[in-house]
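> sequence and predicted structure, then a few things I'm wondering about:
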Amino acid sequence: MQANAALEYDYSLAKKFTFLTILFGFLGMLVGTIIAAQMAFPELNYLLGEYGTFSRLRPIHTNTVVFGFTVSAIFATWFYVGQRVLKVSMAESRFLMVVGNIQFWLYFVGALLATVSLLFGISSSKEYAQYEWPFDIVVVLVWVLWGFNIMGLIGIRREKALYISVWYYLACFLGIAMLYLFNNMAIPTYFATEGLGSIVHSVSMYSGTNDALVQWWYGHNAVAFGFTVPIVGMIYYFLPKESGQAIYSYKLSLLSFWGLMFVYLWAGSHHLLWSTVPDWMQTMGSAFSIVLILPSWGSAINMLLTMKGEWNQVTENPLIKFMVLASTFYMLSTIEGPIQAIKSVNAIAHFTDWIPGHVHDGVLGWVVFMVMASIFHMAPRMFKREIYSRKLMEMQFWLQTTAVVLYFTSMWIAGITQGMMWRAVDEYGNLMYSFIDTVTVLHPYYAIRALSGVMYLTGFIMFAYNIYKTMTAGRELSEEPQFRTPMA
Amino acid sequence: MDIRDLQGYGSFFMTIFLVVMLYGYIIHLYRSEKKGERDYEKYGRIALDDEVTSTPVEDKPASKRENEKEKK
Ligand code: HEM
């Protein structure tokens, strides 16, 4: 680095991870749309032999959106927000740059290979933990490298106080590290069978109910530390920065942080209600799930109150609209989740389409909206150009908002119909419907979901195009905008 | 006392303990601000004024950064 040149933030890693976010976002949602269409029109299962079946594609969808799209976005925003709130440039440490680049390439190649492995059916069959052990090792390495970067940047910072977003990124790092390691403990079947099995395929070190408990302690907290904690970290930076308003209450942000950390870890057993898990543990999962409303709404309300007196910005700045909608969807899904965790409600909701409905009002309305807003905010700073088209952004907003609403309303109706039909009995106690009756009834709702997928994916392509044009054809900016993102 | 009773007492006292911790933390936050020991709200500015050249809201002790410079 030249000693005399004015010190600037180095966005090269943020840019690289932004490209991956868009790439994996597109792939993941494309596959999501395909499997949604397969549920409505089963003939679509047979287009590509074994490689095109729902069972092969579903884990590709979930893993690509979680470990491809969301994790890339976490890295991209960290390499942007981290520098800024710690007031230190990545360019000040050659070591951290090298580590960051190794992390990038290892992650990129690893994620691609892992996706291909799922396509070939190499899977450990635990939800969100399907990657076989060699990929688990790559994941761990990538994570450790990221840890180096977080700690390294914190080590050389100028700003002594760690801004609340940094706490959230740290929690994401620590949380996933712990969860991933414990849940993926496995032994290759080769060693478990005195040479009969395979080296690549493995079996979990836990079995039966214990396996289920560890799995859902993991699965639920993957939602916590992957879809919630880092996204809250993003909104705590990007909303204040974009609107020029400091967080409404910093104290509330601290309180919600500790609340979330403490409560989330105990709620996982709500995935196992009415199962063979001990009763008290199920009740604990329900109780903690309900308590979870408090810290979740604490953060969301803090964000909405940050806009106090500035609501005009929602109409003037589409980026603020994206973020306000994101926090509203966060509130919706964090009230819906606890409702589903009540035992009597769960008796109807479990195994039905209401669950993917709940998942997607969270991920489509909250996670993806917040990630896109973050990228829209970062793009003019990273590429030193104005956002290419505000109009496209507005159109995208309404198209995708409509898509999310179609997705979750159709799945609510489908799920509750399904739940009621499965348990309906006649006066003698005989079941009134067979499984296929429910499938027939649900067809229109599956078709609506497939349509919503097409709409949402189209919106995402509009977003990708807008970012591409911003990079290549946006009006050049002479200086970095301070708050509001400039757009044509 | 059988396991059920123990669980009952355990959960009761655990709840009390957690409530006390939670309110204790809130009181701690507000009290240290009132006494002038801390000003939590100023940290909100870290996100707004975040140029690499801006003055930190809370500077890392000068001595520490000097040490680091010497090492380079
Ligand atoms: C175009 C957008 C999308 C469409 C059409 C779509 C569609 C689907 C479908 C059809 C399923 C399977 C549901 C079932 O088995 O009954 C699914 C599952 C899932 N999707 Fe998506 N998806 C989309 C985007 C996303 C995104 C962006 C994320 C996360 C960031 C996500 C996360 C998940 C998860 C976690 C599951 C598993 C849910 C469960 O096991 O209950 N999806 N998705």
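Yep, it's here. Numbering: from 1, shown residues only, chains lettered A, B, ... in the order given.

> drop to CA atoms for contacts and neighbour counts, all remaining ones
OK.

> mind listing what the residue of chain B found nearest the ligand touches?
Relative to the ligand, the nearest point of chain B is B:Ala47 (25.8 Å; C-alpha to the nearest ligand atom). Counting by C-alpha atoms under 8 Å, 6 or more residues apart in numbering or on different chains, B:Ala47 touches A:Arg84, A:Val85, A:Tyr163, A:Tyr237, A:Pro240, A:Lys241, A:Ala246.

> skipping adjacent residues, who's closest to the first one in space?
In other words, A:Arg84. B:Asp50 (5.4 Å; C-alpha to C-alpha, 6 or more residues apart in numbering or on different chains).

> list the contacts of that neighbour.
Contacts of B:Asp50 (C-alpha under 8 Å, 6+ apart): A:Arg84, A:Val85, A:Lys87.

> same deal with A:Asn346?
A:Asn346 touches A:Leu273, A:Gln340, counting by C-alpha under 8 Å, 6+ apart.

> phi and psi next, for it.
Backbone torsions of A:Asn346, given as degrees, to the nearest 10, read phi -60, psi -30.

> can you tell me the element the residue of chain B closest to the ligand falls in?
Counting by DSSP states H and E, the element that carries B:Ala47 is helix B:45-48.

> pLDDT on that helix, on average?
Across helix B:45-48, the average pLDDT comes to 94.

> please save the CA atoms from it in PDB.
The C-alpha trace of helix B:45-48 is given here as PDB (Å, rounded to 0.1, in the frame of the first residue of the first chain):
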ATOM      1  CA  ARG B  45     -23.700   7.700  15.600                       C
ATOM      2  CA  ILE B  46     -21.100   5.100  14.700                       C
ATOM      3  CA  ALA B  47     -23.300   4.000  11.700                       C
ATOM      4  CA  LEU B  48     -23.900   7.600  10.600                       C
END
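
> what is the burial count for the closest residue in space to A:Gln103 that isn't next to it in sequence?
Among residues not flanking A:Gln103 along the chain, A:Val142 sits closest, at 5.4 Å (C-alpha to C-alpha, 6+ apart). Residues within reach of A:Val142, counting by other C-alpha atoms under 10 Å in any protein chain shown, total 22.

> and A:Val142, which of the three is it?
Put simply, A:Val142 is helix when judged by DSSP: H, G, I helix; E, B strand; the rest coil.

> wait, it sits on A:Trp105?
No - taking contacts as C-alpha atoms under 8 Å, A:Val142 lies outside contact range of A:Trp105: 9.3 Å.

> related to what we said a few turns ago, ok, the residue of chain B closest to the ligand to A:Pro318 distance?
Here B:Ala47 is placed at a distance of 20 Å from A:Pro318 (C-alpha to C-alpha, to the nearest Å).

> who in chain A is up against chain B?
A:7-9, A:84-85, A:87-89, A:157-161, A:163, A:237, A:240-241, A:244-247, A:249-251, A:255, A:483 (C-alpha under 8 Å from any C-alpha of the partner chain).

> of the residues you listed, buried ones?
A:7, A:9, A:84-85, A:87-89, A:157-161, A:163, A:237, A:240-241, A:244-247, A:249-251, A:255, A:483 (16 or more other C-alpha atoms under 10 Å in any protein chain shown).

> quick one: low-confidence residue ranges for the chain.
All of this refers to chain A. Counting by pLDDT under 70, chain A shows low-confidence ranges at A:1-5.

> try again with chain B
For chain B, residues meeting the criterion pLDDT under 70 lie at B:60-72.

> from the chain's centre, how far out does the strand or helix carrying A:Val139 sit?
A:Val139 belongs to helix A:133-155 when assigned by DSSP H and E. With C-alpha atoms, centre = their mean, to the nearest Å as the basis, helix A:133-155 stands 19 Å off its chain's centre.

> buried sites along that helix?
Going by neighbour count (16+ other C-alpha under 10 Å), the buried part of helix A:133-155 is A:133, A:135-136, A:138-139, A:142-143, A:145-150, A:153-154.

> could you do stretch A:342-361 as well?
Buried, per 16+ other C-alpha under 10 Å, within stretch A:342-361: A:342-343, A:346-350, A:352-361.

> report the contact partners of residue 54.
Picking chain A for this. Counted by C-alpha under 8 Å, 6+ apart, A:Phe54 has contacts A:Ile35, A:Gln38, A:Asn45.

> sorry, I should have been clearer: chain B.
If a contact means C-alpha under 8 Å, 6+ apart, then B:Ser54 has A:Lys87 as its contacts.

> for A:Leu13, same thing?
By C-alpha under 8 Å, 6+ apart, the neighbours of A:Leu13 are A:Ala76, A:Phe79, A:Gly100, A:Asn101, A:Phe104.

> do that again at 10 Å, thanks
Applying C-alpha atoms under 10 Å, 6 or more residues apart in numbering or on different chains, we find A:Leu13 in contact with A:19, A:75-80, A:90, A:97, A:100-101, A:103-104.

> okay, which residue is most central for chain B?
Closest residue to the average C-alpha location of chain B: B:Leu29 at 7.9 Å, with C-alpha atoms, centre = their mean.

> and that one, what helix or strand is that in?
Assessed by DSSP H and E, B:Leu29 sits inside helix B:3-34.

> is any part of that helix close to chain A?
Yes - using C-alpha under 10 Å from any C-alpha of the partner chain, helix B:3-34 comes into contact with chain A via B:Gln7, B:Ser11, B:Leu22, B:Tyr23, B:Tyr25, B:Ile26, B:Leu29, B:Tyr30.

> and that helix, how far out from the chain middle?
Distance, centroid of helix B:3-34 to centroid of chain: 17 Å (C-alpha atoms, centre = their mean).

> packing partners of it?
In this structure, helix B:3-34 makes packing contacts with helix A:250-264, judged by 3 or more C-alpha pairs under 10 Å, 6 or more residues apart in numbering or on different chains; DSSP states H and E.

> buried set for the next helix or strand after the helix it packs on?
Downstream of helix A:250-264, the first helix or strand assigned by DSSP H and E is helix A:279-291. For helix A:279-291, the neighbour count (16+ other C-alpha under 10 Å) marks A:Met281, A:Gln282, A:Thr283, A:Met284, A:Gly285, A:Ser286, A:Ala287, A:Phe288, A:Ser289, A:Ile290, A:Val291 as buried.

> could you do stretch A:54-62 as well?
A:Phe54, A:Arg56, A:Leu57, A:Arg58, A:Pro59, A:Ile60, A:His61, A:Thr62.

> gap between the first one and A:Leu47?
Okay, so that is A:Phe54. Using C-alpha to C-alpha, one gets 11 Å for the distance from A:Phe54 to A:Leu47.

> repeat that for A:Gln313.
48 Å.

> ok, now A:Val405?
30 Å.

> same deal with A:Ala37?
13 Å.

> which of these two has more neighbours?
Neighbour comparison, A:Ala37 and A:Leu47: the larger count goes to A:Ala37, with 23 against 10 (by other C-alpha under 10 Å).

> check contacts around that one.
Contacts for A:Ala37 (C-alpha under 10 Å, 6+ apart) come out as A:31, A:43-45, A:54, A:446-451, A:453-454.
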